[in-house]
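In: Sequence and computational prediction follow.
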Amino acid sequence: MTRIRVGPEDFDVSAEMAALCGGRSDIGGIGCFVGTVRDTAAGRKIAAMTLEHYPAMTERALAAIAAEAEARWPLAGCTLIHRVGRLVPGERIVLVLAASSHRQAALEATGFLIDWLKTKAPFWKKEHFVGGEAAWVAAAAADDATAARWR
Amino acid sequence: MSAPIRVLYFAWLRERIGHAEEEVDDAPATVAALLDALRARSPAHAAALADASVIRCAVNQDFASAETRLSPGDEVALFPPVTGG
């Protein structure tokens, strides 16, 4: 089962885990990654962050990433939730869950999903600094390198 | 007349060009040719689209490249490298 959601609403990690597992007893482990808004960027204090996306493409891109994970690892299911709109430091941005009968598949698939999401899903972050300036976040070459290790 | 190409802009491309979408008649053959046609529209377009190496694109909601061929009615999105997660 693949669960994908994109929107401004926050998520509840334990409720999402319960929904993913749905009472199944054949799952041995659930990998979990939660991304949150950090309060500094390159030494500057962040007041807020705005997440923009390409609505017609986003869920399709996330479904393709989830399908790739399910083709590579024996998963019972996975969950991808990404928030959009204005978020302040400490707020949750993204949730990745991957459930499998064994921990190695769950953990590896969780890492794969967040690495690919960061480089292959149409989201853009704008940082609003304390004091009023704002700047679009530049893509990190390190993220491309991290995603490339799954080839 | 054939259907126009619908062009969408995201993030700083949208801000620098000044609007989120527009149409191009007489579909250019490729994404690269579309970029040339857009650059001729205004100084803001020319400046925002000057460096193709910092622009990514999708055609009909799938990632594409400068060489991707276009057909009338296609939706072409232009945006900076993605930064979600």
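Out: Yes, it's here. Quick caveat: nothing in here was measured; it's all calculated off a predicted structure.
In: Residue B:11 contacts residue B:80, doesn't it?
Out: Yes. Taking contacts as CB atoms under 8 Å, residue B:11 lies within contact range of residue B:80: 5.2 Å. Where C-beta positions appear, they are placed from N, C-alpha and C, glycine not excepted.
In: what touches both of these two?
Out: Shared contacts of residue B:11 and residue B:80 (CB atoms under 8 Å, 6 or more residues apart in numbering or on different chains): A:124, A:136.
In: Which of those two has more residues huddled nearby?
Out: residue B:11 (24 against 17; other CB atoms under 10 Å in any protein chain shown).
In: How about residues contacting stretch B:8-27?
Out: A:52, A:54, A:122, A:124, A:126, A:136, B:1-2, B:4-7, B:34, B:37-38, B:42, B:44-45, B:47-49, B:55, B:70-72, B:74-80.
In: again, but for stretch A:38-55
Out: For stretch A:38-55, using CB under 8 Å, 6+ apart, the contacting residues are A:6, A:37, A:82-90, A:93, A:121-130, A:137, B:8, B:10-11, B:58, B:61, B:77, B:79, B:84.
In: do that again at 7 Å, thanks
Out: A:6, A:37, A:83-89, A:93, A:122-130, B:10-11, B:77 (CB atoms under 7 Å, 6 or more residues apart in numbering or on different chains).
In: Please indicate which of those are buried?
Out: Buried members of the contacts of stretch A:38-55, scored by 16 or more other CB atoms under 10 Å in any protein chain shown, are A:6, A:37, A:83-84, A:87, A:93, A:122-129, B:10-11, B:77.
In: list the contacts for residue A:1?
Out: Counted by CB under 7 Å, 6+ apart, residue A:1 has contacts A:20, A:77.
In: what separates it from residue B:13, distance-wise?
Out: Per CB to CB, to the nearest Å, residue A:1 is found 36 Å from residue B:13.
In: Out of the contacts of stretch A:38-55, list just those in helices.
Out: residue B:11 (DSSP state H).
In: Check the gap between the residue lying closest to residue A:85 once chain neighbours are set aside and chain B for me.
Out: Leaving aside its sequence neighbours, residue A:85 sits nearest to residue A:8 (CB to CB, 6 or more residues apart in numbering or on different chains; 4.1 Å). In this view, residue A:8 and chain B are 14 Å apart by CB to the nearest CB, to the nearest Å.
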